[in-house]
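Undergrad: below: sequence and its predicted model.
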Amino acid sequence: MSVREMLLKRRSVRHYDVDYQVSIETLSSLIEAAAKSPNGNNIQATRYLVINDPILRNQMLPVAFNQQQVTEASALILILGDYKAFEKENIIRIHEQGYQAGYFTDQLRDYLASAAIDYYANKSLEELKIELVRDASLAAMSFILLANEAGLETITMSGYNSYLLKKVLKIPDGFLDIMLIAVGKGVKSGHQTVRHEVNEIVYLNTI
Ligand SMILES: Cc1cc2nc3c(=O)[nH]c(=O)nc-3n(C[C@H](O)[C@H](O)[C@H](O)COP(=O)(O)O)c2cc1C
């Protein structure tokens with residue numbers, strides 16, 4: 001199926017086969033590919049907390065306003081941003097890895113690393129948050145398409161209490177919770193949804 005066909009077919013699915021299990025190996029392989037998505041300066045700030053423990057999932061139910069997919073889907077993935085990724089040491093390490101892999105010269109390594117360090121140096125917390133959300137969103141969509149390709153359905157969720165989520169999942173400071181994705185075998189297709197006509201959302205040269 002082409003990417004276009006997959007995008008047209010995809011729906012947010014809210015009903016899942018409770019007996020269907022998706023292995024951690026399968027999820028890791030989907031995440032591994034999703035992590036190839038573009039990300040600012042390749043600092044790789046997106047993290048994926050896979051939640052398949054039934055006790056934790058039950059605890060997550062009230063956190064996510066009793067949305068049934070939290071317990072019924074095979075797994076929940078919490079997409080997080082890691083503020084540590086902006087640290088100089090991480091940026092240098094990643095560019096060193098690229099150099100060691102033979103992907104660029106030492107000159108390019110140093111240029112890219114210092115450009116990335118400078119880029120983040122004077123950003124406010126709000127701006128860094130946007131960076132995290134931007135990168136994570138691209139990876140999240142890749143994950144959704146990869147899951148669909150593997151015959152699985154998903155639903156993205158921001159309908160949860162962030163404070164309680166961090167408490168239940170014991171998320172350390174320094175991580176931004178960005179979205180939940182439930183993944184599993186759908187038993188009821190998601191309802192169809194409308195979209196604006198393309199001429200309502202596209203502007204040419206000026207808005
Ligand atoms: C960031 C984000 C958060 C969402 N949160 C929820 C949610 O908490 N609960 C829910 O039922 N759907 C949620 N959705 C799904 C949207 O309602 C859905 O994508 C939209 O209605 C379009 O439907 P479709 O995905 O089937 O095309 C969310 C989607 C996104 C992208």
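TA: Structure received.
Undergrad: can we go C-alpha only for contacts and neighbour counts from here?
TA: Fine.
Undergrad: where does this protein have low pLDDT?
TA: For the chain, not a single residue meets the criterion pLDDT under 70.
Undergrad: check whether the single longest helix found in it contacts the ligand.
TA: Taking DSSP state H as the criterion, the chain has its longest helix at helix 125-149. No. Shown here: helix 125-149 not in contact with the ligand (Cα under 6 Å from any ligand atom), separated by at least 8.5 Å.
Undergrad: what's in contact with that helix?
TA: 6-7, 10, 30-31, 33-40, 45-46, 79-83, 120, 153-154, 176, 178, 183 (Cα atoms under 8 Å, 6 or more residues apart in numbering).
Undergrad: that one: which residues count as buried?
TA: For helix 125-149, a neighbour-count test (16 or more other Cα atoms under 10 Å) marks 128-129, 131-140, 142-148 as buried.
Undergrad: try stretch 15-32
TA: Buried-residue list, stretch 15-32, by 16+ other Cα under 10 Å: 15, 16, 22, 27, 30, 31.
Undergrad: and the fourth one, that one's in a helix?
TA: Yes. Under the criterion used here (DSSP: H, G, I helix; E, B strand; the rest coil), residue 27 sits inside a helix.
Undergrad: sorry, back to before: just the buried residues of stretch 15-32 now: which is nearest the ligand?
TA: The ligand lies nearest to residue 15 out of these, by Cα to the nearest ligand atom, at 10.3 Å.
Undergrad: tell me what that closest one is bridged to.
TA: Bridge pairing for residue 15 (DSSP bridges) gives the partners residue 188.
Undergrad: surely it is in contact with residue 182?
TA: No. In this structure residue 15 lies outside contact range of residue 182 using Cα atoms under 8 Å: 10.3 Å.
Undergrad: which neighbours do these two have in common?
TA: The overlap between the contact sets of residue 15 and residue 182 (Cα under 8 Å, 6+ apart) consists of 69, 73.
Undergrad: please, where are all the helices along this structure?
TA: 3-9, 24-34, 54-63, 69-72, 88-100, 106-121, 125-149, 162-168, 198-201.
Undergrad: what does the third one contact?
TA: In this structure, residues lying in contact with helix 54-63 by Cα under 8 Å, 6+ apart are 51, 67-68, 70-71, 76, 160-162, 164-165, 168-169.
Undergrad: same deal with the last one?
TA: With contact meaning Cα under 8 Å, 6+ apart, helix 198-201 is reached by no other residue.
Undergrad: now do that helix: distance to the chain's middle.
TA: Relative to the centre of its chain, helix 198-201 is centred 27 Å away, using Cα atoms, centre = their mean, to the nearest Å.
Undergrad: what of the longest one?
TA: With Cα atoms, centre = their mean as the basis, helix 125-149 stands 4 Å off its chain's centre.
Undergrad: swap in the fifth one?
TA: On the basis of Cα atoms, centre = their mean, the separation between the geometric centre of helix 88-100 and that of its chain is 23 Å.
Undergrad: by how many degrees do that helix and helix 106-121 diverge?
TA: With axes from the mean of the first three to the mean of the last three Cα atoms, to 10 degrees as the basis, helix 88-100 and helix 106-121 are set at 150 degrees to each other.
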